[in-house]
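Student: here's my sequence, what's the structure:
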Amino acid sequence: MKITGEMLIGSRAVRGNDAVLQATNPATGEVLGPDFHGGGAAEVDQACQLAEQAFDAYRATSPEQRAAFLERIADEIEALGDALIERANQESGLPLPRLQGERGRTCGQLRLFARLLRDGRWQGATLDSALPERTPPRPDLRMQNIALGPVAVFGASNFPLAFSVGGGDTASALAAGCPVVAKAHPAHLGTSELVGRAIQKAVADAGLPEGVFSLVLGAGNEIGTALVAHPAIQAVGFTGSRAGGLALTRVAQQRPVPIPVYAEMSSINPVFLMPAALAARGEQIARDLVDSLVMGVGQFCTNPGLVLAVDGPDLEAFRTAAAAALGAKPAATMLTAGIHAAYEQGISSFGQINGLQQVACGVKGSGPNQACPAMFETTAAQFIADHRMQAEVFGPSTVLVRCRDLQEMTELARVLEGQLTATVQADAGDYEAVRPLLPVLERKAGRVLFNGYPTGVEVCFAMVHGGPFPSTSDARTTSVGASAISRFLRPVCYQNVPEALLPEALRDGNPLKLWRLKDGELVRD
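Tutor: Numbers count the residues shown, from 1 in each chain. Predicted structure coming up:
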């Protein structure tokens, strides 16, 4: 499939006139052809109007039709073959095996939502029978979830496939019955077009309205602002910086009719090293933690950017092992020049904070956009006193915090901002000490994990990839896993609606064979 540098507005390929953008190889600085011709408010309006026109017809499709459509998208992405992986490699600098795995994850997400659609529980079908003899009488009441409306999806910089044009936000929105207008990330324009064309083809092959999917691109913030402000858009999916997420949230809240923005933004993902675990296996934890830290050059939203432990000989042994492991890690190419510049600025800013010392760094590189891993150290009292130490430095850096005792560790946990994850390294001898810490972590994070590392987010039914602000803009939701569909649904109650006019999910006899809550009992008959 040829990359042309055009936007995809419904079934058409459109060459914008507002700006010319170029993709760049971050490892070499090479400009990658072709030129991409971005658009502005006019193209956004075209895409959004098509999405609005498609909405009622698309949301009326059966769960089976949408499931087959999602599977068709996965098939089309896989059919792109090596061309997709090679282009993503050129635009991101990510190694081929990582990108092959990310493609598998992307297609796995689509197929998970297809399975979810066929299961039907997402509809939340609920029936309360009429009680005409009761005083006062109760009417016949039935409820189900319906699609929210067209959704704007912003491609992420750090996952050119799994969190981008065909990634989790697009998959969950399409599963819910919502058309998608996606904005390509400027770091991987060619990758975005290839995936966008795969989705465009799947829309046509499935016989769906062309407005079910569009892909726009443009320079600066104007096109994103126009997309969020457009009255047809009813929700936004975003993965990126705190500044970017808050800017889009402000636009959404200033609309005449505000809409939800599901923004994944900033997290330092604390790791708590409990005493028994630290004594028994501290050096191994140190090595494994450093491996997690430098994975993907630290460009994961779940990167372990904070480590806490009680001071003493066992922590000293951990620190020595971690510094040695980190010192052997080479610098590596970051995704973009902008991300690399921000990392270098973050490291520099940390170096200017009193009480925060750099204690280890990796092997410096000589190529463009290469980040050198770094570890800083401070005390719990200093960390609590200076909020700047909580800043996310997106990349392979972490802060080690020495705590006087377990009580001070828990006190520090209470002042942390909201997080995507909180990790506890604990052995059986630590369980009583962990007990008072765990409720604090439940309030601070969307995922609490034991004896592992936060990098690596499984796509499944139980996963929560979200958390209190600023990790996300809405702690009640997840952007990964089956529950992500709920972001793009809303409940509707049907009172005394004639049987012939009811949605299939709520009709007598249960024609879709769903699990339904009927008069307070979960039944399938």
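
Student: how about the strands of the stretch 201-350 of the chain, start to end?
Tutor: Counting by DSSP state E, counting those that start in this stretch, the stretch 201-350 of the chain has strands at residues 213-216, 235-239, 261-264, 270-273, 306-310, 332-333.

Student: nearest to Gln390, out of these?
Tutor: strand 306-310 (8.0 Å; C-beta to C-beta). The C-beta positions use only the backbone N, C-alpha and C, and glycine is treated the same way.

Student: mind checking how far the closest one is from the chain centre?
Tutor: Centroid separation for strand 306-310 versus its chain: 26 Å, with C-alpha atoms, centre = their mean, to the nearest Å.

Student: and stretch 191-202, by the same measure?
Tutor: Here stretch 191-202 is found 20 Å from its chain centre; the criterion is C-alpha atoms, centre = their mean.

Student: and if you look at stretch 18-37?
Tutor: On the basis of C-alpha atoms, centre = their mean, stretch 18-37 sits 25 Å off its chain's mean C-alpha point.

Student: same deal with stretch 517-525?
Tutor: Relative to its parent chain, stretch 517-525 has a centroid offset of 34 Å by C-alpha atoms, centre = their mean.

Student: so which of the strands of the stretch 201-350 of the chain is the most packed in?
Tutor: Per residue and on average, the most neighbours among the strands of the stretch 201-350 of the chain fall to strand 213-216, with a mean of 29 (mean count of other C-beta atoms under 10 Å).

Student: quick check, pLDDT for Asp18.
Tutor: Asp18 carries a pLDDT value of 89.

Student: leaving out chain neighbours, which residue sits closest to it?
Tutor: Sequence neighbours aside, Gly40 is the residue nearest to Asp18 in space, at 4.1 Å (criterion: C-beta to C-beta, 6 or more residues apart in numbering).

Student: mind checking how far that neighbour is from Ala226?
Tutor: Using C-beta to C-beta, to the nearest Å, Gly40 is found at 7 Å from Ala226.

Student: how close does Ile339 get to Pro330?
Tutor: Computed as C-beta to C-beta, the Ile339 to Pro330 distance reads 18 Å.

Student: nope, Gln358 is what I meant
Tutor: With C-beta to C-beta as the criterion, Gln358 and Pro330 are 18 Å apart.

Student: do Tyr494 as well
Tutor: Computed as C-beta to C-beta, the Tyr494 to Pro330 distance reads 61 Å.

Student: who's more crowded, those two?
Tutor: Neighbour totals were compared for Tyr494 and Pro330, and Tyr494 leads with 16 against 12 (other C-beta atoms under 10 Å).

Student: report all helices and strands that the host helix or strand of that one contacts.
Tutor: Assigned by DSSP states H and E, Tyr494 falls within strand 489-495. Applying 3 or more C-beta pairs under 8 Å, 6 or more residues apart in numbering; DSSP states H and E, we find strand 489-495 packed against strand 141-147.

Student: any chance you could list what contacts the very next helix or strand once past the strand it packs on?
Tutor: Next along the chain after strand 141-147, taking DSSP H and E as the criterion, comes strand 151-154. Here strand 151-154 makes contact (C-beta atoms under 8 Å, 6 or more residues apart in numbering) with 165, 167, 169-170, 173, 178-183, 185, 224, 227-228, 230, 233-240, 248, 488.

Student: ok, and what's touching stretch 59-78?
Tutor: Here stretch 59-78 makes contact (C-beta under 8 Å, 6+ apart) with 84, 103, 106-107, 110-111, 113-115, 117-118, 120, 123, 146-147, 166, 171, 174-175, 177-178, 195, 198-199, 201-203, 205-206, 208, 512.

Student: could I get the CA-only coordinates of that stretch as PDB?
Tutor: Extracted in PDB, the C-alpha atoms of stretch 59-78 (Å, rounded to 0.1, in the frame of the first residue of the first chain):
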ATOM      1  CA  ARG A  59     -24.800   2.600  16.200                       C
ATOM      2  CA  ALA A  60     -27.800   0.700  14.900                       C
ATOM      3  CA  THR A  61     -25.600  -2.100  13.600                       C
ATOM      4  CA  SER A  62     -25.800  -5.300  15.500                       C
ATOM      5  CA  PRO A  63     -23.000  -6.300  17.900                       C
ATOM      6  CA  GLU A  64     -22.100  -9.100  15.500                       C
ATOM      7  CA  GLN A  65     -21.800  -6.700  12.600                       C
ATOM      8  CA  ARG A  66     -19.400  -4.500  14.600                       C
ATOM      9  CA  ALA A  67     -17.500  -7.500  15.900                       C
ATOM     10  CA  ALA A  68     -16.900  -8.700  12.400                       C
ATOM     11  CA  PHE A  69     -15.900  -5.100  11.400                       C
ATOM     12  CA  LEU A  70     -13.300  -5.000  14.100                       C
ATOM     13  CA  GLU A  71     -11.900  -8.300  13.100                       C
ATOM     14  CA  ARG A  72     -11.700  -7.100   9.500                       C
ATOM     15  CA  ILE A  73      -9.600  -4.100  10.600                       C
ATOM     16  CA  ALA A  74      -7.200  -6.500  12.400                       C
ATOM     17  CA  ASP A  75      -6.900  -8.600   9.300                       C
ATOM     18  CA  GLU A  76      -6.200  -5.500   7.200                       C
ATOM     19  CA  ILE A  77      -3.500  -4.300   9.500                       C
ATOM     20  CA  GLU A  78      -1.800  -7.700   9.500                       C
END
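
Student: any buried residues in it, and which?
Tutor: Within stretch 59-78, the residues that count as buried by 16 or more other C-beta atoms under 10 Å are 59, 61, 63, 66-74, 76-77.

Student: ok, now stretch 297-313?
Tutor: 297-310.

Student: figure out which of the strands of the stretch 201-350 of the chain is closest to Arg516.
Tutor: Nearest of these (C-beta to C-beta): strand 235-239, 26.0 Å.

Student: neighbouring strands - and their directions - for the closest one?
Tutor: Strand pairing for strand 235-239, using DSSP bridges, gives strand 151-154 (parallel), strand 261-264 (parallel).

Student: longest helix of the chain?
Tutor: Taking DSSP state H as the criterion, the chain has its longest helix at helix 96-119.

Student: I would like the residues contacting that one, please.
Tutor: 63-64, 66-68, 70-71, 73-74, 77-78, 84-86, 88-89, 92, 94, 122, 159-162, 166-168, 171-172, 174-175, 296, 459-460, 481-482, 485.

Student: export that helix to PDB, keeping only CA atoms.
Tutor: In PDB, the C-alpha atoms belonging to helix 96-119 read as follows (Å, rounded to 0.1, in the frame of the first residue of the first chain):
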ATOM      1  CA  LEU A  96      11.600  -4.400  14.700                       C
ATOM      2  CA  PRO A  97      10.700  -7.100  17.400                       C
ATOM      3  CA  ARG A  98       9.100  -4.400  19.600                       C
ATOM      4  CA  LEU A  99       7.000  -3.100  16.700                       C
ATOM      5  CA  GLN A 100       6.000  -6.600  15.700                       C
ATOM      6  CA  GLY A 101       4.800  -7.200  19.200                       C
ATOM      7  CA  GLU A 102       3.000  -3.900  19.200                       C
ATOM      8  CA  ARG A 103       1.200  -4.900  16.000                       C
ATOM      9  CA  GLY A 104       0.100  -8.100  17.700                       C
ATOM     10  CA  ARG A 105      -1.200  -6.100  20.600                       C
ATOM     11  CA  THR A 106      -3.000  -3.700  18.400                       C
ATOM     12  CA  CYS A 107      -4.800  -6.500  16.500                       C
ATOM     13  CA  GLY A 108      -5.400  -8.400  19.800                       C
ATOM     14  CA  GLN A 109      -7.200  -5.300  21.200                       C
ATOM     15  CA  LEU A 110      -9.500  -5.200  18.200                       C
ATOM     16  CA  ARG A 111     -10.300  -8.900  18.500                       C
ATOM     17  CA  LEU A 112     -10.800  -8.600  22.300                       C
ATOM     18  CA  PHE A 113     -13.500  -6.000  21.700                       C
ATOM     19  CA  ALA A 114     -15.000  -8.200  19.000                       C
ATOM     20  CA  ARG A 115     -15.300 -10.900  21.700                       C
ATOM     21  CA  LEU A 116     -16.800  -8.400  24.100                       C
ATOM     22  CA  LEU A 117     -19.400  -7.400  21.600                       C
ATOM     23  CA  ARG A 118     -20.600 -10.900  21.100                       C
ATOM     24  CA  ASP A 119     -20.700 -11.500  24.900                       C
END
